[in-house]
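[1] I need the structure of the sequence given here:
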Amino acid sequence: MPKLPAHAYPASRPRRMRRDPFSRAMMRENTVTASDLIYPVFILDGANVRQAVASMPGVERLSVDLLLPVAEECVRLGIPAMALFPVIDASLKTPDGIEATNPEGLVPRAVRALKLRFPELGILTDVALDPFTSHGQDGLIDENGYVINDETVAMLIRQALCQAEAGVDIVAPSDMMDGRIGAIRDALEQARFIHTRIMAYSAKYASAFYGPFRDAVGSSGNLGKSDKNTYQMDPANSDEALREVGLDIAEGADMVMVKPGMPYLDIVRRVKDEFQVPTFAYQVSGEYAMLKAAAQNGWLDHDKVMMEAMMAFKRAGADGVLTYFARDIARLLKARV
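    Below you'll find the predicted structure:
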């Protein structure tokens, strides 16, 4: 009988290292910490206003005064950053989304309030026009309803500068217009906002998983039967994502993002392997809603699937995750210490 190689059974028994908690911990390749989290929040005008988002259990639209205690908890839990998404009154929505450039608008006011109270908390703002347009698209449209690129980029520059002037730490263009990262970077440099970071939504797919988010910000009704297929990426494409990411890095992005998250973990892995830059994923509203609904029905263990999903992002190479579970995750981690 030939001699077995040293690595073959029974000389090699992989279960040995899985036998006890201590040895499983010793060989664990990835860990989840609060510093991996960015907490997305929905803000609206008014005072003492709180509105539940029906399709996202546990998520609320909050006026800025009620957002401050949430920010305080994020700081206490060690969550390093919060992402703001505005819910704009219908009366302020126009075809060109000009309210996005208002220095006294909802987003700049929220940024100033948060940075005044919690300067250590990173604040990220969305650069896109869909919350502000009467048609629900992420940019300006022509007479045929087609989103026009360069005119949209000009408006996005104004929006990004407005947010930078308010003191935001990270602008996050989510519109998927061509050339917008370079244009925004140039504008920030010229205005001497040299420390304002850009997190580019570089590989943002035309996904059906965004439905609850659009309900939350009130853009789904404006969008109607239209879609965003002419600027967001085809879910069938993977190589195209690398091209988009490469362009955004060359144009001055500090960080890149893949959106949605779990259905696109292969993209996260390819991006991280190819470019080795700070890479983030967005666990979007539909992903959150599915897990929450299944847990509420008793079909899944809430905390276990929440943490398993987070570990999947880390294992795929994500440096951080935007997730509506952020506070739940951070609380659970704190309780385990």
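[2] quick one: contacts for residue 179?
    149, 150, 153, 251 (CB atoms under 8 Å, 6 or more residues apart in numbering). C-beta: built from backbone N, CA, C; applies to glycine.
[3] mind listing what the third one touches?
    Looking back up the chat, that one is residue 153. Contacts of residue 153 (CB under 8 Å, 6+ apart): 177, 178, 179, 180, 183.
[4] can you check the last one too?
    Under the criterion of CB under 8 Å, 6+ apart, the contact partners of residue 251 comprise 179, 181, 182, 185.
[5] quick revisit: let me know the closest of the contacts of residue 179 to residue 27.
    residue 251 (40.3 Å; CB to CB).
[6] per-residue confidence at the closest one?
    Residue 251 carries a pLDDT value of 98.
[7] chain neighbours aside, what residue packs nearest to residue 89?
    Excluding the flanking residues, the one nearest residue 89 by CB to CB, 6 or more residues apart in numbering is residue 45, at 6.4 Å.
[8] no no, residue 44
    Closest residue in space to residue 44, ignoring its immediate chain neighbours: residue 87 at 4.2 Å, by CB to CB, 6+ apart.
[9] which regions of the stretch 201-337 of the chain sit below the pLDDT cut-off?
    By pLDDT under 70, the low-scoring segments of the stretch 201-337 of the chain are 218-222.
[10] re earlier: in ChimeraX, how would I select the buried members of the contacts of residue 153?
    Typed into ChimeraX, the next command selects the buried ones out of the contacts of residue 153 (criterion: 16 or more other CB atoms under 10 Å):
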select :177,180,183
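[11] out of the contacts of residue 153, which are inside helices?
    Counted as lying in helices by DSSP state H, out of these, are 180, 183.
[12] let me know the closest of the contacts of residue 153 to residue 198.
    So of the contacts of residue 153, ranked by how close each gets to residue 198 (CB to CB), first place is residue 180, at 9.8 Å.
[13] ok, the closest one - contacts?
    So, once contact is read as CB under 8 Å, 6+ apart, residue 180 ends up touching 127, 152, 153, 156, 157, 173.
[14] what about the biggest helix by length in the chain, average pLDDT?
    Assignment by DSSP H gives helix 149-166 as the longest helix of the chain. For helix 149-166, mean pLDDT is 98.
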